[in-house]
Every structure is written in structure tokens, then in C-alpha cells.
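Undergrad: next come a sequence and a model predicted from it.
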Amino acid sequence: MNARGEILDLDRVVEHVIAGQELARDVARSLLNYPDQRLQDLLRATLKVRERSFGRRVKICMLNNAQSGICPEDCGYCSQSKISRADIPVYKLKSVGALVEGARQAVDSGARRYCVVCSMRGPTDAVVEHLGEACERVRAQFPALEICLSLGLMSESQARALKHGGAGWVNHNLNTSRRFYPKICTTHTYDDRVRTVENVRKAGLSTCCGGILGMGEGDDDVLDLAYATRRLRIDSVPINFLHPIAGTPLGQMSALTPQKCLKAACVFRLLNPTSEIRAAGGRELNLGVRQSEIFNAVNSIFVNGYLTTPGLGYAQTLALIERAGFEPEPQNL
Ligand code: SF4
């Protein structure tokens, strides 16, 4: 419904998006608040846009938490922050051999993309060298496996070194709007994050950048984030749905409704029609039995859980994809 209480013409919305035009903010807001009883119409319309770039394929990704629980930052949603009291594994950076072994496990789990994540403010040059070597060895063994690194704040020269090693993507999420950012983190700023995304692009790497919904933000914050990913021309947009973790400041937040998650995913797709969009952490918890409906908007998904929370394994994920009438993207190994 728009501001005048009229139901939006979804065919016109789709035409507008396919023509490469940006949705007006009041239209995007109406989509985010689309009536629950018409959600299937919105999902069908979004699927038309999704199919133009990605058909019915779903890219499977797998995470490797390469350094856990020792971050000096204070992100309120994160079990690995310095203020978290969550009961999670704590360890320093994994060896190059362990990172290569993680790549083999990702390949065995059907993954097309291997996402290596380190809990840190940003990498030292020694860490960049270590991960560059890991990328080189992974590329030598699994040339078709896409490698994405998530190492916090990063300079352009560090991003260039990682590209040289063989990384293809660097993940750094904006997480929420500039306005809401100080409510979830005080040790770095939204603009610090934007700078890292720009450094990654300038270095010639693909950008992976999205956010987390369900942290107490309002619709305007969700919309700001979705428009920011469009205007930064992000290549790959992960949408996380908060999985509240005991011992973190956001540990008591309530889950989102599946309907809210699905509508938000549609808005991200309609604002980023040709970008990869990934349903990331909290998918299982927040969407429950409606997980498969999100494939109408997203073209990518994780298997085998997240950094410190569990998730569906490969066989269950494959069943979910196929039952919904989609197919996994071939690994091309
Ligand atoms: S910078 Fe990353 S690892 Fe560190 S607290 Fe924030 S989200 Fe967690």
C-alpha cells in the first residue's frame, strides 16, 4: 500500500526496476510494509527480477571462522566482541594449512564460495601476508572456488595484496543505517566501514556488503541500508537476521517475523536487481518453516552454520532448495 492507502501496482514496480530505475523511497517503504495477506504477490513479482540475473540458481557458500572471540571492537550483536560474555570458542588465527583444509570442507559441502572471517578490528600486514598465502594455496587446489575474506577495516594497499594472493571478494558489512550505527557500535564508525568498502573496490576486488535486521532499528534504517548498498554498487549483499546470543547486549531481542524478513529481502532485491543477494545468519531462526520462500528474492545461502551459531547442513539445504523449485549453482570444479 502506498501513502494514500492504495495497493501498489507490482507489475509497474517490476518494469521500473528492470528498466534500471531506482524505486522511490515511498514505494520501497510501502513494499517493506506490504500487507501480509498479499505477500505471495510481492514474492512472485520479486522473483521476476531475481530470475533475470540468476535464473533459479542458488549459490551455496560456507564460512570458516578463522580467528574467534578476540575482537577489540564493541559491536552489540556480536558474540566475539570485547564486551560479549557469550560462551564461544576463543582462538587465534588458524594456520594456512587449516584454512586450506577448510576450503576442502567447503568444496565437499557443495559450496561455490568460501568465506574466511576473522574477529579483528582490521588486519596487520602480517595477517594480510598469511591470508594471501592461504588464498594462493586454495586457488592452486580449487581454482573454481570463490574466496571471500572478512577481516574488518582495511586499507586499499592491503586489499590489493589480498587480490594479488587470489581473493575475489572482501566482505565488510555496513550493518545498518548511518543514523542507527552509534547504537550498535562505538569503537568505529559507519563512515569507517564505507571507507573500507571503497578501498576494496579501488583495489579491484568485488565488494560484499550488507547488514543485520532485527537490532531494534526502524524502517528508515532498513531503507537507508538497502539504498546504501545500491548506491555503493555492492556486488554481493548478505542480509543477516539477528540471532540474539546470550551474553551480548542484543541477547534479549525478539525474533523478527518471517513476513518482515521476506518483505525486507524483496526490497533489497528490487533495489539491487543484478547484485548477488545472500540470506545469511539468523535465516533458520527467524524464517523457520518459511525459509524456502526467501529464494524468490535471494540467490545465495550458507550451509553448515555461521560464525558462532548453528545452521542447516548441505543435505538439508539442498532439499530446501529443490523443494522450492530452485537448483544449486554448479561448483564447476
Ligand atoms: S568488528 Fe566484527 S568481530 Fe569485531 S565485534 Fe564487530 S562484528 Fe564482531
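TA: Yep, it's here.
Undergrad: what's the helix or strand for R230?
TA: For R230, the host element (DSSP states H and E) is helix 219-231.
Undergrad: elements contacting whichever helix or strand comes after that helix?
TA: Read in the C-terminal direction, the helix or strand following helix 219-231 is strand 236-241, with elements assigned using DSSP H and E. Secondary structure elements in contact with strand 236-241, counted by 3 or more C-beta pairs under 8 Å, 6 or more residues apart in numbering; DSSP states H and E, are strand 169-171, strand 206-208, strand 211-213, helix 258-271, strand 276-279, helix 283-287. (C-beta placed from N, C-alpha, C; glycine too.)
Undergrad: how about the second one, does it reach the ligand?
TA: No. Shown here: strand 206-208 not in contact with the ligand (C-beta under 6 Å from any ligand atom), separated by at least 13.9 Å.
Undergrad: what's that strand packed up against?
TA: Strand 206-208 sits against strand 169-171, helix 190-202, strand 236-241, with contacts defined as 3+ C-beta pairs under 8 Å, 6+ apart.
Undergrad: just the last one next, same as before
TA: Counting by 3+ C-beta pairs under 8 Å, 6+ apart, the packing neighbours recorded for helix 283-287 are strand 236-241, helix 258-271.
Undergrad: can I get these in TSV including mean neighbour count and mean pLDDT?
TA: Supplementary listing: the helices and strands packed on helix 283-287 in TSV, determined by neighbours: other C-beta atoms under 10 Å; pLDDT from 0 to 100:
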stretch	mean neighbour count	mean pLDDT
strand 236-241	26	98
helix 258-271	24	98
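Undergrad: for those, which one sits closest to C208?
TA: Closest to C208 of the helices and strands packed on helix 283-287, according to C-beta to C-beta: strand 236-241, at 4.1 Å.
Undergrad: would a markdown table of the helices and strands packed on strand 236-241 with distance to N199 be doable?
TA: Output for the helices and strands packed on strand 236-241, formatted as a markdown table (distance: least, C-beta to C-beta, whole Å):
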| stretch | distance to N199 |
| --- | --- |
| strand 169-171 | 9 |
| strand 206-208 | 10 |
| strand 211-213 | 19 |
| helix 258-271 | 23 |
| strand 276-279 | 20 |
| helix 283-287 | 29 |
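Undergrad: which parts of the protein are strands?
TA: Under the criterion DSSP state E, the chain carries strands at the ranges 57-67, 113-118, 146-150, 169-171, 206-208, 211-213, 236-241, 276-279, 300-303, 327-328.
Undergrad: among those strands, which comes closest to D220?
TA: Distance to D220, taken as C-beta to C-beta, is lowest for strand 211-213 among those, at 13.0 Å.
Undergrad: what's in contact with that closest one?
TA: Contact partners of strand 211-213, identified using C-beta atoms under 8 Å, 6 or more residues apart in numbering, comprise 77, 173-176, 222, 225, 229, 238-242, 256, 260-261, 264, 281-282.
Undergrad: ok, now with 10 Å
TA: Applying C-beta atoms under 10 Å, 6 or more residues apart in numbering, the set of residues contacting strand 211-213 from outside is 75, 77-78, 173-177, 180, 184, 217, 221-222, 224-226, 228-229, 237-243, 250, 256, 260-261, 264-265, 268, 280-282, 286.
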